[in-house]
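Novice: Pasting the sequence and the predicted model now:
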Amino acid sequence: MTTQADKHPSSSHYDIVIVGAGPVGLMLSTCLARWGYKIKHIDNRAEPTPTGRADGIQPRSLDLLRNMGLKSAVMAHKPARVYEVAFWDPPADGKGIVRTGTWASCPSFIDARYPFTTLLHQGLIERVFIADLNKNGVQIQRPWTIKGFTSNEKENPDYPVTVDLEHVDGTSKETIKAKYLFGGEGARSFIRDQLKIGIKHKDPIAYVWGVMDGVVKTDFPDIKMKCTIHSEHGSIMVIPREDNMVRLYIQIASSTDPNFNPRTTATVEEVQASAKRILQPHSIEWERVEWYSVYPIGQGISDKYTLDHRVFLGGDACHTHSPKAGQGMNTAFLDALNLAWKIHAVEAGFADRKLLETYEPERKDVAETLLSFDNKYAKLFSQRPPAANEVAAATSQAANTAGQSEENQFIKTFKESCEFTSGYGVSYKPNAINWSPAHPAQSHLIRPASAALIPGRLFPNADVTRVVDANVVHLEQEIPLNGSFRIFLFAGNPAVTGQAVRDLATNLQKKSSFYATYARDDIDQVSHHERHNPHSHFFTIATVVAAPRASVEIARDLPPLLARYRDHVYADDRWDRRVPDAAAAAHAKMGIDQEKGGIVVVRPDGYVGVVVALEEGAETADALNAYFGAFCAKELGATQAQL
């Protein structure tokens, strides 16, 4: 395949310039490098983060890293894993601290593959991405900085962005022409300032925090767990880390204090002395301190993420908040992923340029939710946490209240916060890629009444058996992050749906269907070993049959078009504790009839786009065409009247 990088008029022309090699810039760069784009990626630091900074990877982000093939490299560093959070408060007599409760970091009502938070320092995570970038021919240019830029699509519609770059010592300069510019340089973003985009502060209260990573000797029993500790001497958050380290977050000052100064600071020794007082009657000593920093934190959000859909912002350049919920790096990852696949869809010719207009509203809405949650979460820290028996009751009740109209306020808050912090509670509102009743695609087959899936929410996990080799696999992980839409055909009972499946294949091949319209130019030269994109880079198809694996014969049960994806044909024959009575658990978890089947279109980032019923005739294919036609670059038509 000819890559995007082959299509530029000169060596100084790029698809994108990325400024900042923190989590958001590295995720964006990694995705686009894998998909063949020419990238200029700079950072003003001479080396990656040596230690410290962000450290928490939430369960949803670990799913994403696995889908990218990067999870094993992260886990090779032997990070700490947090399964539970412990709460410590003064006892009734007010002397010292006692454990008042614990709760699961990712409770059992969340259907997570990895129900824990992974903790290791940002520099190690950065290096995992950098190694992958190197494999794909991208080197971070260090230490370089951006000096200026312009964006003028009328003057140059192909490469509208001109970027001036300079080595930090002023010895070298470059001027780059690019299709896009991305600012991932953090809270003090030069690009945001140049665009004159303001920041709104959601909470007028600002804080100064001290954070310390080190190896300690202590008799505090929960030092290997995440803890929030309140005492008459102040509060600390404890975060276990890799290599026997522990991180302590200590609030040094608040804007509610008399004579508050955002530049308030404290020495390592002062913070250690404070920690010793807070942890009494337990002792703590430091064998070594690896990293220490004092920094102000406020809850702020950028007014805009872009002005022209050519220059974009992401990560801390768009939103700042407290470190308490461990959301910064995870939100940055999803900012980058959201933008990456949309740029790819546009530049590969699949989607209309208007698709890029969905980046800001989708990600800004998530950031607004995060800041509101962070505000609530910060306040909960100063209140009495629930006792252990309350937590146990909440976990049990929350798992069994899905059909009830009301929940205890504590249970509702508990469930909402855990879903959000794990990443599984992030959702997107209706638009061209997230179907709703207002969507241009209208068909009685769209969003069948039984469907449990909601467009704009994550595709759930499910275990199935891959037919070709009898391996039990995770369905949601089978299609890697390749920039393609994922079309899951839940084929139901082959004896019932055989004709409907054949009709679908026939109609997909008609000339103005999305399938035929976006066929690969080199389709005749594609290797028969190509698993994911044999027909198109726009989509990957997976078929799940509601039958035992031994009874499925791919050549007999599926038409040639679907049989070509032989590595993506699965038997829905694995038991699932969440639907214990279902004969076809994957169908049941999706709310899809195990006899009649259905189709789930999943966006490249793993979020459900639309659910369509499977019926004989052309209407299923037409409903899919109508959905894709709402944002595709080429015109799609109904298949019924075509040859």
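Specialist: That came in fine, so what should we check first?

Novice: Check which helices and strands the helix or strand hosting Ile130 is in contact with.
Specialist: If you go by DSSP states H and E, Ile130 is part of helix 122-135. With contacts defined as 3 or more Cβ pairs under 8 Å, 6 or more residues apart in numbering; DSSP states H and E, helix 122-135 has these neighbours: helix 23-34, helix 71-75. (Each C-beta comes from the backbone N, C-alpha and C, glycine too.)

Novice: If we use 10 Å, what do you get?
Specialist: The contact analysis (3 or more Cβ pairs under 10 Å, 6 or more residues apart in numbering; DSSP states H and E) places helix 122-135 against helix 23-34, strand 39-42, helix 59-67, helix 71-75, helix 328-347.

Novice: mind putting the ones you listed in JSON lines, mean neighbour count, distance to Gly123 and mean pLDDT included?
Specialist: Formatted as JSON lines, the helices and strands packed on helix 122-135 follow (neighbours: other Cβ atoms under 10 Å; distance: least, Cβ to Cβ, whole Å; pLDDT from 0 to 100):
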{"stretch": "helix 23-34", "mean neighbour count": "27", "distance to Gly123": "11", "mean pLDDT": "97"}
{"stretch": "strand 39-42", "mean neighbour count": "25", "distance to Gly123": "17", "mean pLDDT": "98"}
{"stretch": "helix 59-67", "mean neighbour count": "23", "distance to Gly123": "16", "mean pLDDT": "97"}
{"stretch": "helix 71-75", "mean neighbour count": "17", "distance to Gly123": "12", "mean pLDDT": "97"}
{"stretch": "helix 328-347", "mean neighbour count": "25", "distance to Gly123": "12", "mean pLDDT": "96"}
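
Novice: out of the ones you listed, nearest to Asn156?
Specialist: When the helices and strands packed on helix 122-135 are compared by Cβ to Cβ, helix 328-347 sits nearest Asn156, at 15.7 Å.

Novice: Got the domain ranges for the protein?
Specialist: 13-51+61-67+120-199+300-359, 80-119+206-297+383-425, 463-642 (automatic domain parsing).

Novice: what's Arg241 sitting at in phi/psi?
Specialist: Here the main-chain torsion angles of Arg241 (degrees, to the nearest 10) amount to phi -140, psi 180.

Novice: Was I right to think it contacts Thr117?
Specialist: No - contact between Arg241 and Thr117 fails when scored by Cβ atoms under 10 Å: they sit 11.4 Å apart.

Novice: Counting neighbours, go ahead and name the busier of the two.
Specialist: Just comparing Arg241 and Thr117: by other Cβ atoms under 10 Å the higher neighbour count belongs to Thr117, 27 against 20.

Novice: check contacts around that one.
Specialist: By Cβ atoms under 10 Å, 6 or more residues apart in numbering, Thr117 lies in contact with 55-59, 61-62, 79-83, 85, 105-106, 226, 239-240, 326, 330, 421-422.

Novice: any idea how far it is from Met75?
Specialist: 13 Å (Cβ to Cβ, to the nearest Å).

Novice: Equivalent analysis for Thr100, please.
Specialist: Taking Cβ to Cβ, one finds Thr100 at 32 Å from Met75.

Novice: and if you look at Ala92?
Specialist: The gap separating Ala92 from Met75 is 43 Å, by Cβ to Cβ.

Novice: do the same with Asn134
Specialist: 20 Å.

Novice: Am I right that Val610 is in a helix?
Specialist: No - counting by DSSP: H, G, I helix; E, B strand; the rest coil, Val610 falls outside a helix, being strand.

Novice: Quick check: pLDDT value at the closest residue in space to it that isn't next to it in sequence.
Specialist: Distance criterion Cβ to Cβ, 6 or more residues apart in numbering; nearest residue to Val610, sequence neighbours excluded, is Trp435 at 4.0 Å. Note on Trp435: pLDDT of 98.

Novice: ok, Trp435 touching Ile446?
Specialist: Yes - in this structure Trp435 lies within contact range of Ile446 using Cβ under 10 Å: 6.4 Å.

Novice: Residues that sit against both of the two, list them.
Specialist: In contact with both Trp435 and Ile446: 455, 610-612, 623, 626-627, using Cβ under 10 Å, 6+ apart.

Novice: Just the buried residues from the residues you listed, in PyMOL please.
Specialist: The following PyMOL line selects those of those that are buried, judged by 16 or more other Cβ atoms under 10 Å:
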select buried, resi 455+610+611+612+623+626+627
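
Novice: Of the shared contacts of Trp435 and Ile446, which is the nearest to Gly36?
Specialist: Tyr627 (26.2 Å).

Novice: Now the helix or strand in which that closest one is found: buried residues?
Specialist: Tyr627 belongs to helix 619-629 when assigned by DSSP H and E. Across helix 619-629, burial judged by 16+ other Cβ under 10 Å covers 619-629.

Novice: now the residues you listed as TSV including pLDDT and distance to Lys200?
Specialist: Conversion of those to TSV gives the following (pLDDT from 0 to 100; distance: Cβ to Cβ, whole Å):
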residue	pLDDT	distance to Lys200
Glu619	96	47
Thr620	97	45
Ala621	97	46
Asp622	96	44
Ala623	97	41
Leu624	97	40
Asn625	97	41
Ala626	96	38
Tyr627	97	35
Phe628	97	36
Gly629	96	37
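
Novice: ok, those vs Tyr37, which is closest?
Specialist: Once Cβ to Cβ is applied, the member of the buried residues of helix 619-629 that ends up nearest Tyr37 is Phe628, at 22.8 Å.

Novice: Comparing Trp435 and Ile446, which shows the higher neighbour count?
Specialist: Legend: neighbour count by other Cβ under 10 Å for Trp435 and Ile446, higher for Trp435 (26 against 22).

Novice: ok but the more buried one is inside a strand, no?
Specialist: No - under three-state DSSP, Trp435 sits outside any strand and is assigned coil.

Novice: give me every residue that touches it.
Specialist: For Trp435, the contacting residues are 441, 446-447, 454-456, 601, 608-612, 623, 626-627, 630, by Cβ under 10 Å, 6+ apart.

Novice: Show me which pair in the residues you listed is furthest apart.
Specialist: Among these, the pair separated by the greatest distance (Cβ to Cβ) is Ile454 and Ala626, at 19.1 Å.

Novice: what about Ala112, is that helix, strand or coil?
Specialist: Each residue gets one of three states, and Ala112 gets coil by three-state DSSP.

Novice: Determine how far stretch 460-469 lies from the middle of the whole chain.
Specialist: Remark: stretch 460-469 is offset 23 Å from the chain centroid, using Cα atoms, centre = their mean, to the nearest Å.
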